[in-house]
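A.B. asks: predicted model and sequence follow; I will ask about them next.
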Amino acid sequence: QVQLVESGGGLVQAGGSLRLSCAASGRPFSGYVVAWFRQAPGKEREFVATVNWSADNTYYADSVKGRFTISRDIAKNMVSLQMNSLKPEDTAVYYCAADRRTWIGVRLRDYAYWGQGTQVTVSS
């Protein structure tokens, strides 16, 4: 079983940037697909971005495409989400999720392992 810990959240002004990290412990990330989801107050958790194990396949929600970049550092057993041009509507708790398979997915049920989340707040 893999444990996921997110970090890097915080408060930023609109137009600013943040970099979230998801570290895995318990076992290597090898063979796991990893994704970021987010949940704003009063809303359902939604897909943000995903990357497969070999990092040659990524997919983004339309709302973040061109502004967010997901990447993984295999040696460090870590996945990052670089968020640029942040908007107030990006405010949410961001969750890292993982599952042991090769194909990417955008549904919550596609992922068995979840972190505790990190808060991102974008002020206008």
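C.D. replies: Perfect, I can see it now.
A.B. asks: ok, Leu108 - contacts?
C.D. replies: By CB atoms under 8 Å, 6 or more residues apart in numbering, Leu108 lies in contact with 37, 45, 47, 97. In this view, the C-beta of every residue, glycine as well, is placed from N, C-alpha and C.
A.B. asks: apply 7 Å and report the result again.
C.D. replies: Counting by CB atoms under 7 Å, 6 or more residues apart in numbering, Leu108 touches 37, 45.
A.B. asks: same deal with Trp53?
C.D. replies: The neighbourhood of Trp53, defined by CB under 7 Å, 6+ apart, consists of 30-33, 102.
A.B. asks: dump the residues you listed to JSON lines, plus secondary structure, neighbour count and distance to Gln116.
C.D. replies: Shown next, in JSON lines, are the contacts of Trp53 (DSSP: H, G, I helix; E, B strand; the rest coil; neighbours: other CB atoms under 10 Å; distance: CB to CB, whole Å):
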{"residue": "Ser30", "secondary structure": "coil", "neighbour count": "10", "distance to Gln116": "23"}
{"residue": "Gly31", "secondary structure": "coil", "neighbour count": "14", "distance to Gln116": "23"}
{"residue": "Tyr32", "secondary structure": "strand", "neighbour count": "25", "distance to Gln116": "18"}
{"residue": "Val33", "secondary structure": "strand", "neighbour count": "22", "distance to Gln116": "20"}
{"residue": "Thr102", "secondary structure": "coil", "neighbour count": "11", "distance to Gln116": "26"}
